[in-house]
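Enquirer: Take a look and give me a structure for this.
(chains A and B)
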Amino acid sequence: MLQTPESRGLPLPQAEGEKDGGHDGETPAPTASQERPTEEPGAGREEGAAEPALTRKGARALAAKALARRRAYRRLNRTVAELVQFLLVKDKKKSPITRSEMVKYVIGDLKALFPDIVARAAEHLRYVFGYELKLFDRKHHTYILINKLKPLEEEEEEDLGGDGPRLGLLMMILGLIYMKGNSAREAQVWEMLRRLGVHPSKNHFLFGYPKRLIMEDFVQQRYLSYRRVPHTNPLEYEFSWGPRSNLEISKMKVLGFVAKLHKKEPQHWPVQYREALADEADRARAKARAEASMRARVGARPGIHFW
Amino acid sequence: MQGSARRMGVMTDVHRRFLQLLMTHGVLEERDVKRMQKHCYKVHDRNATVDKLEDFINNINSVLESLYIEIKRGVTEDDGRPIYALVNLATTSVSKMATDFAENELDLFRKALELIIDSESGFASSTNILNLVDQLKGKKMKKKEAEQVLQKFVQNKWLIEKEGEFTLHGRAILEMEQYIRETYPDAVKICNICHSLLIQGQSCETCGIRMHLPCVAKYFRLNAEPRCPHCNDYWPHEIPEVFDPEKEREPGISKSNRKSLRSRRH
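Expert: Below is the predicted model of the structure:
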């Protein structure tokens, strides 16, 4: 069913001469030397060479084994490719992806190879698309994709396509939350939005139904956290930044956004500015730590090279 | 690893940014793709010379091959504008949509797709699609909800709507051509010139062969007496103009094309 030569899943040392499709099951009585091109990467063994005088039966058995190995290898590659696509599409919706979803929809009975498949998919995502596959929640086995490309400057902000207006709305809310001391009552959020002409249950031409967008999408995507405020009567709820917001944007950036809206400098709000500076320092430290540990890990594992 | 390095291209942040943006948009016109390519260079490799778009894309595709996806170039059926989308090379069904939409929504799309393929004009009316709402698999859907779902398809560039009627977006044709040809082999129409899937086009009234509007434009260009390539009868429809990227400022059907669409719907 696949149209393209499948042997180029992952680079094989001598994959050059080997074309797929036509050769399967067609191998003529193979000689020892013909067995070499089907080695897995990094294996480097030469099965045929160990026994120069192969019987016909032995040669056929070897060919069958090689064929089975090729097939399994192709199947693994295809599963990795499907997982990459699955993760990309799922991440577009911005909901965290669970391990059980991956197994259910993509990996299936190759479940035992899950760590290997995920590692290869992660490498593709990093090298080809510039995304890092991050284990977001260790307890619930959920993953998200983080954009590793350098963040765009103001002038470089390209049109984000369909996401643009929604993310703008999110920024407004994140800004309000931050300026109000990292949490804002639900009533305050809706009051701000009402002033912008956005009403919770009225269909908006850009955002659809704002209540659904905020309460379901943004909260589910972990951009916002929604919590009950204790000891309130009647019951009140508040919003704060969700973990994904903390990962994808910084307090300084949001303060900059708010400052621009009011045509002022970020320093105009000294409390928030100090807090944003501290946040920047924390992030720089965390980044340095992560890079150091990554270097240590990479140094210890020589085997993961696909290119 | 030497052999494969020769065959596969190299990814830099320029290419990655390009891929990310293309994925965000789903489908882009060539004019916007070129602008986006320049933008990626500006952001990530300011001093480099911008590759020719074809080479740039071929480079990326050689890397994407191992993931069974590619950046595919197509042409809009109504006015021949070149478009690009990231498509799945494996013939799985409506794969990209499958994770985005619920079961009953996917089935609604399938019903609309069948009506579109069976139609003479390549368009299915909103009414006809909505009348099939009771036959959908999965959760029961009301007509009002189905209208919203159809709008979702339009927003996500799977369908195009014109005056209450729906046809396939160029993106859907790019992505699903193989699937459509394999699933509806008896119902699909094929263009006599380019032999690709045909949803909208002109047809010969004598022998019934069909051609895409841009294919008609190219085939009969500068021809004072257009004749059917198959039966040689006089070609009765208005010949559209060949798409000129220099002239095009506003996307959309030019007047001549709109007229020929009308004339085919007897």
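
Enquirer: what's the average pLDDT for the longest helix seen in chain A?
Expert: Determined from DSSP state H, the single longest helix within chain A is helix A:56-92. Taken as a whole, helix A:56-92 has a mean pLDDT of 89.

Enquirer: residues in contact with the next helix or strand after that helix?
Expert: Using DSSP states H and E, the helix or strand that follows helix A:56-92 in sequence is strand A:97-98. Applying C-beta atoms under 8 Å, 6 or more residues apart in numbering or on different chains, the contact partners of strand A:97-98 are A:86-87, A:90-91, A:140-144. Every C-beta, even on glycine, is put in place using the N, C-alpha and C of the backbone.

Enquirer: Stretch A:277-293: which residues count as buried?
Expert: Of all the residues in stretch A:277-293, those buried under the rule 16 or more other C-beta atoms under 10 Å in any protein chain shown are A:Asp279.

Enquirer: try stretch B:20-36
Expert: Those buried within stretch B:20-36 under the rule 16+ other C-beta under 10 Å are B:20-30, B:32-33, B:36.

Enquirer: Out of those, which comes closest to B:Glu182?
Expert: B:Val27 (22.0 Å; C-beta to C-beta).

Enquirer: For chain A, see how far away the closest one is.
Expert: Applying C-beta to the nearest C-beta, to the nearest Å, the value for B:Val27 to chain A is 10 Å.

Enquirer: what sits against that residue?
Expert: Taking C-beta under 8 Å, 6+ apart as the test, what B:Val27 contacts is B:83-85, B:157, B:169-171, B:174.

Enquirer: ok, now with 10 Å
Expert: B:33, B:72, B:74, B:76, B:83-87, B:156-158, B:169-172, B:174-175 (C-beta atoms under 10 Å, 6 or more residues apart in numbering or on different chains).

Enquirer: before we move on, the earlier item: now the contacts of strand A:97-98 in JSON lines, with neighbour count and distance to B:Glu65?
Expert: Shown next, in JSON lines, are these (neighbours: other C-beta atoms under 10 Å in any protein chain shown; distance: C-beta to C-beta, whole Å):
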{"residue": "A:Phe86", "neighbour count": "20", "distance to B:Glu65": "18"}
{"residue": "A:Leu87", "neighbour count": "25", "distance to B:Glu65": "19"}
{"residue": "A:Lys90", "neighbour count": "21", "distance to B:Glu65": "23"}
{"residue": "A:Asp91", "neighbour count": "20", "distance to B:Glu65": "22"}
{"residue": "A:His140", "neighbour count": "10", "distance to B:Glu65": "35"}
{"residue": "A:His141", "neighbour count": "16", "distance to B:Glu65": "31"}
{"residue": "A:Thr142", "neighbour count": "18", "distance to B:Glu65": "30"}
{"residue": "A:Tyr143", "neighbour count": "20", "distance to B:Glu65": "25"}
{"residue": "A:Ile144", "neighbour count": "24", "distance to B:Glu65": "27"}
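
Enquirer: and residue 88, how many neighbours does it have?
Expert: Picked chain A for this. 23 (other C-beta atoms under 10 Å in any protein chain shown).

Enquirer: hmm, I had chain B in mind actually
Expert: Neighbours around B:Asn88, by other C-beta under 10 Å: 21.

Enquirer: any idea how far chain A is from it?
Expert: On the measure of C-beta to the nearest C-beta, B:Asn88 and chain A end up 7 Å apart.
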